[in-house]
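A.B. asks: 3D, please:
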Amino acid sequence: MPAPLRVVDAGLPAQVTVYEVGPRDGLQNESTVVSTDVKTEFIRRLADAGLSVIEATSLVRPEWVPQLADAEQLMPLLDPGRGVRYPVLVPNRRGLDRALGLGVEEIAVFGSATETFARRNLNRGFEEQFEMFAPVVADATDAGLRVRAYLSMCFGDPWEGEVPIAQVVLAGQRLLDLGARELSLGDTIGVGTPGHVSALINAFGDVDVDVGSLAVHFHDTYGQALANTLAALQCGVSTVDSSAGGLGGCPYAESATGNLATEDLVWMLDGLGIETGVDIGALVATSIWMAGRLGRPSPSRVVQALAR
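C.D. replies: Predicted coordinates:
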């Protein structure tokens with residue numbers, strides 16, 4: 001199988017954690033509802049390919065995201081003994097109670113940098129969302145769970161337009177202050193560019209937020225996801241969200257297209273000499289297999305190239 005020439009850049013992280021979101025963020029945006037058995041096999045194959053963090057599902061009300069309505073059936077089928085983390089997304093206290101009942105060890109909450117998207121996605125205002133998250137994060141932390149916070153609309157909002165960097169930093173700080181260990185900065189509609197990425201990450205540094213607590217989550221709407229990832233790496237970020245085969249988007253923002261494909265990310269990181277622990281051949285095979293279950297080809301450019 002072809003591989004990129006490895007040219008190490010000493011200014012970049014030596015190792016990057018690939019935070020795989022395909023089973024959750026990917027499948028929740030698919031019109032096809034796949035079976036629990038297919039989801040279980042998908043996650044097993046991703047783990048076999050070397051992915052160490054695989055976001056498994058979301059504990060939202062089934063009528064909101066019917067594609068993930070089988071969380072209670074799925075989670076007990078995952079193998080906890082192979083050193084893989086299986087975080088789940090929880091929307092509120094009820095979701096946390098479900099997570100605790102399933103023995104989940106890691107959760108994520110999903111906030112917004114803008115008022116409009118907070119109301120559309122959470123049915124809460126910008127300020128109200130933090131009031132909702134505070135007891136969830138506190139109780140999860142007290143129970144020994146690791147908590148991640150997603151922050152959406154960090155680079156632009158389809159209803160509000162440009163989102164001020166200071167507003168994003170304020171929202172992110174508040175989520176971290178609640179007790180989240182990691183903050184994932186989301187370009188939900190894919191309008192970010194490398195300079196914007198650098199400016200935002202540097203702005204967090206200006207208020208003493210450790211870059212080690214930041215992750216990035218890019219959508220490839222305008223073809224900028226890899227360029228934006230490289231800009232984030234140059235700023236010291238070492239956790240990057242991606243979705244196997246480029247699955248997913250955001251069901252609450254119609255202008256959002258697919259996530260950065262994990263294969264495209266790993267190909268670039270391999271070429272930069274950055275360790276990920278991911279076997280790209282096994283990963284490509286997994287995405288081809290899942291594309292067959294979904295009845296459509298993978299949008300990942302690397303999957304398309306290596307599948308020829």
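A.B. asks: what residues does stretch 69-80 touch?
C.D. replies: 36, 39-40, 43-44, 47, 56-59, 62, 86, 88, 98, 102-104 (Cβ atoms under 8 Å, 6 or more residues apart in numbering). The C-beta positions use only the backbone N, C-alpha and C, and glycine is treated the same way.
A.B. asks: which parts of it are buried?
C.D. replies: Of all the residues in stretch 69-80, those buried under the rule 16 or more other Cβ atoms under 10 Å are 69-71, 74-75, 78.
A.B. asks: For beta bridges, what are the partners of the residue nearest to the spatial centre of the chain?
C.D. replies: The C-alpha lying nearest the average C-alpha coordinate of the chain belongs to Asp241 (Cα atoms, centre = their mean; 4.2 Å). Per DSSP bridges, the residues bridged to Asp241 are Tyr19, His217.
A.B. asks: Show me where the stretch 1-150 of the chain dips below the pLDDT cut-off.
C.D. replies: Along the stretch 1-150 of the chain, no part satisfies pLDDT under 70.
A.B. asks: switch to 90 and redo it
C.D. replies: 1, 29-32, 61-64, 79-83, 121 (pLDDT under 90).
A.B. asks: ok, residues contacting the helix ranked longest in the chain?
C.D. replies: Assignment by DSSP state H gives helix 126-142 as the longest helix of the chain. Taking contacts as Cβ under 8 Å, 6+ apart, the residues outside helix 126-142 that touch it are 90, 92-93, 95-96, 99, 107, 109, 111-112, 114-115, 118, 122, 124, 147, 149, 171, 174-175, 178-180.
A.B. asks: those helices in the protein, which residues are they?
C.D. replies: 36-48, 71-74, 93-101, 115-122, 126-142, 165-178, 194-206, 225-234, 262-271, 280-294, 301-306.
A.B. asks: Among those, which comes closest to Arg82?
C.D. replies: Smallest distance to Arg82 across those (Cβ to Cβ): 6.0 Å, for helix 36-48.
A.B. asks: what about that closest one, distance to the chain center?
C.D. replies: Taking Cα atoms, centre = their mean, to the nearest Å, one finds helix 36-48 lying 17 Å from the centre of the chain it belongs to.
A.B. asks: re earlier: quick one: which of the buried residues of stretch 69-80 is nearest to Pro23?
C.D. replies: Leu74 (8.6 Å).
A.B. asks: That closest one and Arg98, how far apart?
C.D. replies: 12 Å (Cβ to Cβ, to the nearest Å).
A.B. asks: and of the helices of the chain, who's closest to Gly11?
C.D. replies: Using Cβ to Cβ, the nearest of the helices of the chain to Gly11 is helix 225-234, at 6.6 Å.
A.B. asks: Only the buried residues of stretch 293-302, if you could.
C.D. replies: 294, 298-300, 302.
A.B. asks: okay if I get those residues as TSV plus distance to Val16 and pLDDT?
C.D. replies: Listed next are these as TSV, based on distance: Cβ to Cβ, whole Å; pLDDT from 0 to 100:
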residue	distance to Val16	pLDDT
Leu294	27	91
Ser298	22	90
Pro299	22	90
Ser300	18	94
Val302	16	96
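A.B. asks: how far out from the middle of the chain is stretch 128-148?
C.D. replies: Relative to its parent chain, stretch 128-148 has a centroid offset of 18 Å by Cα atoms, centre = their mean.
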